[in-house]
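Participant: Need a 3D model of the sequence below.
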Amino acid sequence: MSSRSFTIAGKVDGIVHIEGEYFLLEHKTASQIDSGYLERLWTDFQIILYAWYVRETMGIPIAGIIYNILVKAKLQQGKGETEAEFEVRRAELLAKSKTGKTSAQRKLPESDEDFQTRLAVKYAEPGMFQREMLYISRDRYAVLQAELWELTQAFLEARRRGHFYQNTAFCFHFNRPCAYYPICSADNPANVIENHYQVVAPHEELKNTDDNSNELPF
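Facilitator: Take a look at the predicted model:
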């Protein structure tokens, strides 16, 4: 049964058919892959929602999720140094030199080609990529539908009262401030909104999809 109040839209990375079973393909990046990260995959509400939608509306029985997880390399392209920075470093080396000479040369910016080569070497390391397969049980789908109902009812009630509570536990959930942190933390959020934000239509990332693309009704 479709909701009269909400529409959810999204894209799946792919659907894979393996030995008679269908799996959603999900690409992720992570700062590191450890046991804690892998154990949290089953809590991925969004991808379970996608799996349920594909099963219910497209008739594809999704058995589980295949996660391709890539570790962020944390490499940065070398910026080199300016002439002024080089002259400062050269003067320091000359001051320490017993001969009054130095062979130091200015550090030039790293080329795109050299940076891509370093990235390729880094991503060739075994620990930089991992593939995990997660099966979804019927009970998990039942929990999903119950949670969707509770979430929508809570949202409708908050909208009716004109008050949404601040979920401060998620302000720094990804080890960085939420995109709306300046609004929530401001004493006068109207000024922050006016000067630092713009209102756009929801799901802009999906506007280029064709007219036959499916949305997620619930």
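
Participant: Quick one: mean pLDDT for stretch 38-50?
Facilitator: Mean per-residue pLDDT for stretch 38-50: 91.

Participant: Now the terminal residues of it, how far apart.
Facilitator: Terminal residues of stretch 38-50 lie 19 Å apart, using C-alpha to C-alpha, to the nearest Å.

Participant: gap between that stretch and the chain center?
Facilitator: 13 Å (C-alpha atoms, centre = their mean, to the nearest Å).

Participant: same thing with stretch 120-136?
Facilitator: For stretch 120-136, the distance to the chain centre is 16 Å (C-alpha atoms, centre = their mean).

Participant: any idea of the mean pLDDT in it?
Facilitator: 93.

Participant: quick one, what contacts the nearest residue to residue 175 once chain neighbours are set aside?
Facilitator: Nearest residue to residue 175, sequence neighbours excluded (C-beta to C-beta, 6 or more residues apart in numbering): residue 31, at 7.6 Å. Any C-beta I mention is one placed from the backbone N, CA and C, and that applies to glycine too. Residue 31 is in contact with 71-72, 74, 175, counting by C-beta atoms under 8 Å, 6 or more residues apart in numbering.

Participant: Can you select the buried ones from these in ChimeraX?
Facilitator: Command for ChimeraX that selects the buried part of the contacts of residue 31, burial taken from 16 or more other C-beta atoms under 10 Å:
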select :71
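
Participant: For residue 169, see how far away the residue nearest to residue 175 is.
Facilitator: 20 Å (C-beta to C-beta, to the nearest Å).

Participant: Now do the longest helix seen in the chain: which elements does it pack against?
Facilitator: The residue-count maximum for a helix in the chain (DSSP state H) belongs to helix 138-161. Judged by 3 or more C-beta pairs under 8 Å, 6 or more residues apart in numbering; DSSP states H and E, the packing partners of helix 138-161 are helix 45-58.

Participant: hang on, the earlier thing: could you check the angle helix 45-58 makes with the longest helix of the chain?
Facilitator: 100 degrees (axes from the mean of the first three to the mean of the last three C-alpha atoms, to 10 degrees).

Participant: Please tell me the pLDDT value assigned to the spatially closest residue to residue 170 that is not a sequence neighbour.
Facilitator: Of all residues not flanking residue 170 in the chain, residue 178 sits nearest, at 6.4 Å (C-beta to C-beta, 6+ apart). Residue 178 is assigned a predicted lDDT (pLDDT) of 91.
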